[in-house]
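Enquirer: Got a sequence here, can you build the structure:
(2 chains)
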Amino acid sequence: MSAPPPVAMLAELTHRCPLSCPYCSNPLELTARAAELSTEEWADAFRQAADLGVLQLHLSGGEPASRRDLEAITAAAAEAGLYTNLITSGVGLTEARLRALDAAGLDHVQLSVQGVDAVSADAIGGYRGGFERKMRVAGWVAEIGFPLTLNAVMHRRNLDRLEETVELALGLGARRLEVACVQFHGWAAANRAALMPTLAQARAAKALVDAKRKDLLGRLVIDFVPPDYHAEFPKACMGGWGSTGINLAPDGRVLPCHAAETIPGLRFESIRDRPLAAIWADGPAFEAFRGTDWMQEPCTSCERRGRDFGGCRCQAAALAGDPAATDPVCSKSPLRPKVDAMIAEAPDDDAPLVHRTPPASA
Amino acid sequence: MSLGAEARPALPRGVRVAEDRVRGGWVLLAPERALRLDDVGRAVLGEIDGASSLGEIAERLAARYDAPPERVLADADRFLSALRARRMLDLA
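Expert: Residues are numbered from 1 along each chain as shown, chains lettered A, B, ... in the order given. Predicted coordinates for the structure are as follows:
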């Protein structure tokens, strides 16, 4: 096997979620509850992942707390020797459930916030009372002693409140803050006009993050995913397709990236049909963009090809109509003017948000 | 931002040393991070108990590896300061 083993696994335990964020990273075609892997299937997947070399497991969704067996799933992951990270909106967690997760061996909690106050956050999340709920969850997390990362998804409507977001993270006792600017795939694509940051916002955010990192060194770690439309070079897709990360969809399909289903023509295998190690080693979706052989110009002759891997494959598929093309946000892409035109489009602050809608059978 | 010989380093909850049984060697696992440890890093972290001062840790390591104590102290301080800046180390 030529591919080195993956370090991290993202386990999307379910696509069910009480929130309906307009930039949800789940696929447009959500998996129904009946198709989800069972507790025992997840436990087996985690043992296979640990045997393959996975060290870090991200328990995500949808909202993972929507699985009533989350505690048993977490215990199985800890038993497999994985470092367990719960990525949650907080909705569905109670103090009793958090204490059970503590007993199950949960290592870390990543709590998402959609805004710094109830009105703005609940409008994005589409769930009244969500913000209050999150604040209570953060209190229990601190009481129990779990390390906390606050995950703030940022866009034009809240990027001007980045400083308050940092204050919120400090106030909740978070060790880490992830400032993740919306990636315009899937559900978010319909909201580009409403949520695309302005160039001035993107610059101000970067300057503020730089300053806060210096001020808060040793108190708060800030991870920053900048709005990539505004960058000179694309983001390094998955740190290299099929090189470090592996994703499991709720129904057991194994994906190289959580958004990989937006790429037409890729064939995904299921852990129900073939062992994880075999799928990782030579599954067609993993082989499709592994390494650099699949690249086209200007990537093929670019000195950055081993650093940013041609950028995001999903973005290339969406904007260039060809998943093997150079990511159009790259300044070397012939399609870069198309991206500049999207940024320059008059922002529509009154555009209604298109929220995620549940699958028919959920 | 060095720690100094008097500091008493401690690994916070959610940060632990683990064996990497597939690739071999040892890693430091922390929220959203996995750091590969070299022998020095592993030895330093192995001495951290939340009670010993960095000076005491450096003395023990210097004796065990027959190395100059001031050099061990400086190396350990640099390594641990970097972890502290990333919130992967607390001071007791």
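
Enquirer: Hmm, residue A:172 is touching residue A:142, no?
Expert: Yes. If you go by C-beta atoms under 8 Å, residue A:172 and residue A:142 touch, sitting 7.1 Å apart. No exception for glycine: its C-beta is placed from N, CA and C like everyone else's.

Enquirer: Pull up the overlap in contacts between these two.
Expert: Counting by C-beta atoms under 8 Å, 6 or more residues apart in numbering or on different chains, the residues touching both residue A:172 and residue A:142 are residue A:148.

Enquirer: Which one of these two is surrounded by more residues?
Expert: Between residue A:172 and residue A:142, counted using other C-beta atoms under 10 Å in any protein chain shown, residue A:172 has the larger neighbour count: 19 against 14.

Enquirer: Does the nearest residue to that one once chain neighbours are set aside fall in a helix, a strand, or a coil region?
Expert: In this structure, residue A:172 finds its nearest non-sequential neighbour in residue A:138, 4.4 Å apart by C-beta to C-beta, 6 or more residues apart in numbering or on different chains. Of the three states, residue A:138 takes helix under DSSP: H, G, I helix; E, B strand; the rest coil.

Enquirer: And the pLDDT at residue A:138?
Expert: For residue A:138, the pLDDT comes out at 98.

Enquirer: Next SSE downstream of the longest helix that chain B contains?
Expert: Looking across chain B with DSSP state H, the single longest helix is helix B:69-85. Next helix or strand after helix B:69-85 toward the C-terminus (DSSP states H and E): strand B:90-91.

Enquirer: for that following strand, packing partners?
Expert: For strand B:90-91, the packing partners by 3 or more C-beta pairs under 8 Å, 6 or more residues apart in numbering or on different chains; DSSP states H and E come out as strand B:9-10.

Enquirer: quick one: contacts for the most far-flung residue of chain B relative to its centre?
Expert: For chain B, the C-alpha farthest from the mean C-alpha position belongs to residue B:22; by C-alpha atoms, centre = their mean, that distance is 23.0 Å. Residues in contact with residue B:22 (C-beta under 8 Å, 6+ apart) are A:5, A:51-53.

Enquirer: Quick check: bridge partners of residue A:254?
Expert: Beta-bridge partners for residue A:254, by DSSP bridges, are residue A:248.

Enquirer: Flag every residue of chain B that's near chain A.
Expert: B:1, B:12-15, B:18, B:20-23, B:27, B:29, B:31-32, B:34, B:84-87 (C-beta under 8 Å from any C-beta of the partner chain).

Enquirer: just to revisit the earlier point, now for the residue nearest to residue A:172: which residues touch it?
Expert: Residue A:138 makes contact with A:90, A:111, A:148, A:150, A:172-173 under the criterion C-beta under 8 Å, 6+ apart.

Enquirer: how about 7 Å then?
Expert: Residues near residue A:138 by C-beta atoms under 7 Å, 6 or more residues apart in numbering or on different chains: A:111, A:148, A:172.
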